[in-house]
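S.K.: dropping the sequence and predicted coords here.
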Amino acid sequence: MTKTLVTLDQGRDPQRFQELVSQVKATSVSSHSFNEDAFAGVMQAVEGMDWKGYGGRLILLVSDAGALRKNDPYSRTQMNEAEVRQAALGKQIKIYALHLRTDAGKKNHAQAETQYRVLTADANPKIGDLYIPVPGGDVGKFGERVDEIGTVFADLVHQVRSNQSQEVPVLAAAPSIAQKSAAIGYAMHMDFLGRKSASQAPQLVSAWTADRDLTNPALPAFQVCVMLTKLQLNDLQQSLKLIVDAARKTQTSPKDFFQEIASASAYMSRDPSALRKGGNLADGGVLGEYLEGLPYRSKSLNMTQDLWLSLSVAEQEDFIDELDSKIRLYETFHNDLANWVRFGDAEPGDALYRVPLSTLP
């Protein structure tokens, strides 16, 4: 269960903010596991807040436990950390995770850290992630970390208001959270200035380029996206549902997995013969012709019956959970009305959405 106590607009008034947050109380009801539905809270902020008009968009997640994942029946979002991260990035929101590493959660610390490092991962490898451990859940240390973050962004707001020039942040080999925040704030400021001056890139550029920084190949130069129409995104989602349903139906007889997909493919006007001949999911056209020719390969596209049978039960379950989580993410894309683009007199079903390559199956 999630609840918005203070809207972004209400938070402009410090006194009003304090009055509303004072309503927060510890629950008296124990949950079914040590993990909590943290992703539900994040998605409530991503989708339930009105972010329009805000150039700097941040979420601070505070928790002493890991988050319920897609395979937990009590997970409200039915999404994993990578998909929640992408949903936030779709609205230009950065997530910080302040992990209170209390003694009570010792057995949960490693799992929670892994989740929150993925959730807060930044595209810039010099930043890495925005995971902030708080040893012992110490209140004083927690306050120091929050002050560290808050001071950076408060200074940034002051600089913007007073039209002060902002120096390009320099990141150390192991940057502090303040240095990371300064780099993120600088990027947000540049994005804000671009929107303010209505700076636009050319509508179309046809050229060759490297997707990595030539002086530092570890640094990505672009986020590669695929433009999909609403009809294509819906088709992709339905195809993933077909695969997930087939896997669920054949859990006790995995050798029938591809036969089940082949049978279901016939109802979607796909040619199941390639699957029956030992082809992979790409050969069978199950994942849509629009994925053909893309400069990448994935576990999903290359999945064959032999490879499926070679996986352990746990690996098969992880594969299905990942696809199921992407199904939920595509629903988020579908509902993200602000980022759908129609060119000319295109029909509503031909509106286009930038789907990051990393979120494709």
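M.R.: Received, thanks.
S.K.: low-confidence regions, the stretch 101-250 of the chain specifically.
M.R.: Low-confidence segments of the stretch 101-250 of the chain (pLDDT under 70): 199-203.
S.K.: please repeat the previous calculation with a cut-off of 90.
M.R.: Scanning the stretch 101-250 of the chain for pLDDT under 90 picks out 123-126, 157, 159-174, 187-226, 229-232, 234-236, 238-250.
S.K.: in it, which spans are helices?
M.R.: 109-119, 139-161, 177-196, 230-249 (DSSP state H, counting those that start in this stretch).
S.K.: got it, and the stretch 251-361 of the chain?
M.R.: Per DSSP H, counting those that start in this stretch, the stretch 251-361 of the chain carries helices over the ranges 257-267, 273-276, 305-310, 313-335.
S.K.: Serialize those to a markdown table and add fields for mean neighbour count and distance to P169.
M.R.: C-beta coordinates here come from the backbone N, C-alpha and C atoms, glycine included. Listed next are the helices of the stretch 251-361 of the chain as a markdown table, based on neighbours: other CB atoms under 10 Å; distance: least, CB to CB, whole Å:
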| stretch | mean neighbour count | distance to P169 |
| --- | --- | --- |
| helix 257-267 | 18 | 49 |
| helix 273-276 | 18 | 51 |
| helix 305-310 | 14 | 45 |
| helix 313-335 | 17 | 31 |
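S.K.: of all those, which lies closest to I184?
M.R.: helix 313-335 (22.4 Å; CB to CB).
S.K.: return the distance of the closest one from the chain's centre.
M.R.: Here helix 313-335 is found 12 Å from its chain centre; the criterion is CA atoms, centre = their mean, to the nearest Å.
S.K.: now do that helix: everything it contacts.
M.R.: By CB atoms under 8 Å, 6 or more residues apart in numbering, the residues outside helix 313-335 that reach it are 47, 69-71, 77-80, 82-83, 86-87, 90, 230, 233-234, 236-237, 240-241, 243-244, 247-248, 254, 299-300, 303, 308, 311, 353, 355, 359, 361.
S.K.: ok so, going back, kindly reformat the helices of the stretch 251-361 of the chain as JSON lines containing mean pLDDT and distance to K106.
M.R.: Below are these laid out as JSON lines (pLDDT from 0 to 100; distance: least, CB to CB, whole Å):
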{"stretch": "helix 257-267", "mean pLDDT": "69", "distance to K106": "39"}
{"stretch": "helix 273-276", "mean pLDDT": "50", "distance to K106": "47"}
{"stretch": "helix 305-310", "mean pLDDT": "86", "distance to K106": "36"}
{"stretch": "helix 313-335", "mean pLDDT": "90", "distance to K106": "24"}
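S.K.: ok, of the contacts of helix 313-335, which come out buried?
M.R.: With neighbours counted using 16 or more other CB atoms under 10 Å, the contacts of helix 313-335 contain these buried positions: 69-70, 77-80, 82-83, 86-87, 90, 230, 233, 236-237, 240, 243-244, 247, 300, 303, 308, 353, 355, 359, 361.
S.K.: report how many residues lie close to A221.
M.R.: Residues lying near A221 (other CB atoms under 10 Å) number 13.
S.K.: that one and D211 touch, don't they?
M.R.: Yes. Counting by CB atoms under 8 Å, D211 is a contact partner of A221 at 5.8 Å.
S.K.: circling back to that earlier point, which one, of the helices of the stretch 251-361 of the chain, ends up nearest to Y131?
M.R.: Closest approach to Y131 among the helices of the stretch 251-361 of the chain is made by helix 313-335 (20.1 Å; CB to CB).
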